[in-house]
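> no sequence on this one, just coordinates:
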């Protein structure tokens, strides 16, 4: 195919990462996919023996990433599209959740993604082409109680994506934050890390949230295969967006927050303007 691309997608063993990789392979592209063990590598390579290339690496092994990416480019070819998909959700009230939990959340969801970007950027810059897609979340703009660390990590990745896009815009490199709503993956099931409850004052906030999330797991409205179709449309665009929301739920919640922000800004506008020198 004339517009065949080489994708590097992190976390292709399950969830959206698996859907993204499957969709790109079905469209005739090459996919270098990161997995956590040899068994997962064998399974992934079997999807398309000539075009599915597995790398066994943990995205938090920051020191190993540059060499792993360089080897993949030598073996397969220059990376056209990086999809930073690897990540997980942490559920827990902030006061109850240890600092180690937020360190781990940022190691995977933020620092691992940054390490991957830093590894592909020299080649993309040299070739004056490339597209970095960072999978964030509607939780990178809206927030919900009980996933404070997760929202923090996705807000951070959104900010990094947007600022990086401005740094590389004149170099032929696009950067997009891809922000899904609720998709039918294991995100809220076995993939989620949950901190134990300990402070009764938070029961009224947290009990219904935890119950609702567990009840909805496996019945979310988003179709991962359709998310993969959206990703392929995104990377074919000559003028891709800075961020793309996936799902009617994400769009609705984001629009509601923007309206609330506008109202609050207007209410406090006089105070905001009062702080400049006369």
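Noted; the coordinates are in hand. The structure displayed is predicted, hence computed values, not measured ones.
> mind listing what's buried in the helix or strand of the chain with the lowest mean pLDDT?
Scoring the helices and strands of the chain by mean pLDDT, DSSP states H and E places helix 203-216 at the bottom, with a mean of 85. Within helix 203-216, the residues that qualify as buried are 206, 213, counting by 16 or more other CB atoms under 10 Å. (Each C-beta comes from the backbone N, C-alpha and C, glycine too.)
> for stretch 179-195, same thing?
When burial is assessed from 16+ other CB under 10 Å, stretch 179-195 yields the following buried residues: 179-185, 187-188, 192, 195.
> which among these gets closest to residue 267?
residue 179 (27.1 Å; CB to CB).
> Contacts only, for that closest one.
Neighbour list for residue 179: 136-138, 140-141, 154, 158, 243-246, 250 [criterion: CB atoms under 8 Å, 6 or more residues apart in numbering].
> Among the residues you listed, which are located in helices?
When DSSP state H defines the helices, the subset of these inside them is 154, 158, 250.
> Which pLDDT value goes with the second one?
Think residue 158. Reading off the per-residue confidence, residue 158 sits at a pLDDT of 98.
> coming back round to it: which ones among the contacts of residue 179 map onto strands?
Counting by DSSP state E, the members of these that fall within strands are 243-246.
> now those residues in a markdown table, with pLDDT and distance to residue 214?
Formatted as a markdown table, the entries for these read as follows, by pLDDT from 0 to 100; distance: CB to CB, whole Å:
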| residue | pLDDT | distance to residue 214 |
| --- | --- | --- |
| 243 | 98 | 29 |
| 244 | 98 | 28 |
| 245 | 98 | 25 |
| 246 | 97 | 23 |
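> Report the buried residues of stretch 168-180.
In stretch 168-180, counting by 16+ other CB under 10 Å, buried: 168, 173-180.
> Over to stretch 225-240?
Across stretch 225-240, burial judged by 16+ other CB under 10 Å covers 227-228, 230-232, 234-235, 240.
> Give the closest residue to residue 154 in space, chain neighbours not counted.
Counting by CB to CB, 6 or more residues apart in numbering, residue 140 is the residue found nearest to residue 154 once chain neighbours are left out, at 3.4 Å.
> residue ranges for the strands of the stretch 101-250 of the chain, please.
With DSSP state E, counting those that start in this stretch as the criterion, the stretch 101-250 of the chain has strands at 130-135, 173-180, 193-194, 243-246.
> looking at those, which has the lowest confidence?
Within those, confidence is poorest for strand 193-194, with a mean of 92 (mean pLDDT).
> Would you enumerate the residues in contact with residue 75?
With contacts taken as CB under 8 Å, 6+ apart, residue 75 has the following neighbours: residue 53.
> same deal with the one 4 residues further on?
The contact partners of residue 79, taken as CB under 8 Å, 6+ apart, are 6-8, 32, 69, 72-73, 120, 123-124, 130.
> export those residues to a markdown table and tack on neighbour count and distance to residue 146?
Listed next are the contacts of residue 79 as a markdown table, based on neighbours: other CB atoms under 10 Å; distance: CB to CB, whole Å:
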| residue | neighbour count | distance to residue 146 |
| --- | --- | --- |
| 6 | 19 | 39 |
| 7 | 29 | 33 |
| 8 | 27 | 33 |
| 32 | 27 | 35 |
| 69 | 24 | 35 |
| 72 | 23 | 37 |
| 73 | 17 | 41 |
| 120 | 25 | 34 |
| 123 | 16 | 40 |
| 124 | 23 | 37 |
| 130 | 23 | 37 |
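> I'm done for today, thanks for sticking with me.
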